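A.B. asks: Sequence plus the predicted model coming up.
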Amino acid sequence: MALILGIESTCDETAAAVVENGRAVRSSVIASQVDLHQVYRGVVPEIASRAHIENILPVIEQALKNSARTFEQIDAIAIAQRPGLIGSLLIGVTAAKALAWSLEKPLIGVDHVQAHLYSVHLESRPTNREPRFPAVGLVCSGGHTALYAVRSWTDIELIGQTIDDAVGEAYDKVAAILNLSYPGGRPIDELAAQGDPKAIRFPRSTLDPDSLDFSFSGLKTAVLYRVRGHKGRERDASSLSQQELRDVCAGFQQACIDVLLLKIRRAIARVDAKSVIVGGGVSANRGLRAAMQSFELPTFFPPIEYCTDNAAMIAGLGDVLLSHGVTADLSMDAIIRSALVKR
């Protein structure tokens, strides 16, 4: 059974994890940068890069310590080499290459988005209820909203993506409009659970009848107009009653969920899928999970702790790639775009 050290630094989380046999998470350590970026209500690349430099070695050392394993016991180093912010990526890639060289261990480059899909496997044992292929994969987060045809963990094709805002980005921007905390996913989800999703019907952008792409910018603008008025800042979120605030959150969240489910169903027909896999930070959303409890196909979500960026998913997928003989040499680059593209 392979023991993989995974490293993740694609955006604003510095993470390291030790995973055995592709599933059993022996340790998972994450240094969050939320406090650094909160004042800007978004990730500042230069600040993120500097924080990764400070955090990368302590996080790796803590992951090894928590796993009760040593560097010598590690079989390979897996690194999220793409996609992401180039400055952030370079810190993790440089650390992984240095470790692989000094320890004489195999180096594995992992696609961060592909790993979000694989995260449904973490901390689970093989059972009869596992994703059956082909599957439809949805990655929904602050940086990604995309649909994939998943034929296996190593054969994944992009079939639809956002043409503007990612759904998680829309949550963050709506939270700013409503004077809620950053990141916006959790406070909106919590308020939406107390609101009436039918009280305010926001628009759903479905694009063309057979399109698998997404658009959330119009929805965000509709919330802005609802809260502030059509002629500018005549009012703001402070003028909303508590129930109105809850209803705005509920209506916004329901519009997001309706679009995601519609596109998943379109993708199922396109792929002739046998299951659905959902990953990424927004996969932790309680409203989305509740809406898919009785979905027509078996649906798989990651454990809550592995929905947002983490290194356990990198190590887990790294194990699969290693078993297929997919490794990299020390010339491996950090790449800002995903390897998963439309064919």
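C.D. replies: Noted; the coordinates are in hand.

A.B. asks: Spatially central residue in the protein, please.
C.D. replies: Taking CA atoms, centre = their mean, the centroid of the chain lies closest to residue 280, which sits 2.4 Å from it.

A.B. asks: Need the per-residue pLDDT for that residue.
C.D. replies: Residue 280 is assigned 97 on the pLDDT scale.

A.B. asks: again, but for residue 233
C.D. replies: According to the prediction, residue 233 has pLDDT 59.

A.B. asks: And for residue 342?
C.D. replies: Residue 342 carries a pLDDT value of 80.

A.B. asks: that older thread, tell me if I'm right that the residue nearest to the centre of the chain and residue 137 touch.
C.D. replies: No - using CB atoms under 8 Å as the test, residue 280 is too far from residue 137 to be in contact (10.0 Å). Bear in mind the C-beta positions are built from the backbone N, C-alpha and C, glycine included.

A.B. asks: Can you pull out the low-pLDDT segments for the stretch 51-200 of the chain?
C.D. replies: For the stretch 51-200 of the chain, the stretches with pLDDT under 70 are 128.

A.B. asks: ranges for the strands of it?
C.D. replies: Taking DSSP state E, counting those that start in this stretch as the criterion, the stretch 51-200 of the chain carries its strands at 76-82, 107-111, 135-140, 145-152, 155-161.

A.B. asks: Quick one: closest of those to residue 186.
C.D. replies: Proximity to residue 186 (CB to CB) singles out strand 135-140 among the strands of the stretch 51-200 of the chain, at 14.7 Å.

A.B. asks: now what about the closest one, what contacts it?
C.D. replies: For strand 135-140, contacts defined as CB atoms under 8 Å, 6 or more residues apart in numbering pick out 113, 116-117, 145-150, 156, 166-168, 260, 263-264, 267-268, 271, 273-283, 288.

A.B. asks: Could you tell me how far that strand lies from the centre of the chain?
C.D. replies: 11 Å (CA atoms, centre = their mean, to the nearest Å).

A.B. asks: And for stretch 216-227?
C.D. replies: 23 Å.

A.B. asks: List the buried residues of that stretch.
C.D. replies: Judged by neighbour count using 16 or more other CB atoms under 10 Å, the buried positions of stretch 216-227 are 216, 218-220, 222-224, 226-227.

A.B. asks: and the helix or strand hosting residue 277, which strands flank it?
C.D. replies: Under the criterion of DSSP states H and E, residue 277 resides in strand 275-279. Partners of strand 275-279 in the sheet, by DSSP bridges, are strand 135-140 (parallel), strand 299-300 (parallel).

A.B. asks: what are the ranges of the helices in the stretch 151-300 of the chain?
C.D. replies: Under the criterion DSSP state H, counting those that start in this stretch, helices of the stretch 151-300 of the chain are mapped to 167-177, 185-192, 217-228, 242-271, 286-291.

A.B. asks: looking at the sheet around the residue nearest to residue 157 when sequence neighbours are not counted, what are its partners?
C.D. replies: Spatially, and ignoring its direct neighbours in sequence, residue 157 is nearest to residue 149 (4.5 Å; CB to CB, 6 or more residues apart in numbering). Counting by DSSP bridges, residue 149 is bridged to residue 136, residue 157.

A.B. asks: Residue 149 is in contact with residue 156, isn't it?
C.D. replies: Yes - counting by CB under 8 Å, residue 149 touches residue 156, with 7.1 Å between them.

A.B. asks: Give me the buried positions along stretch 89-103.
C.D. replies: 89-97, 99-100.
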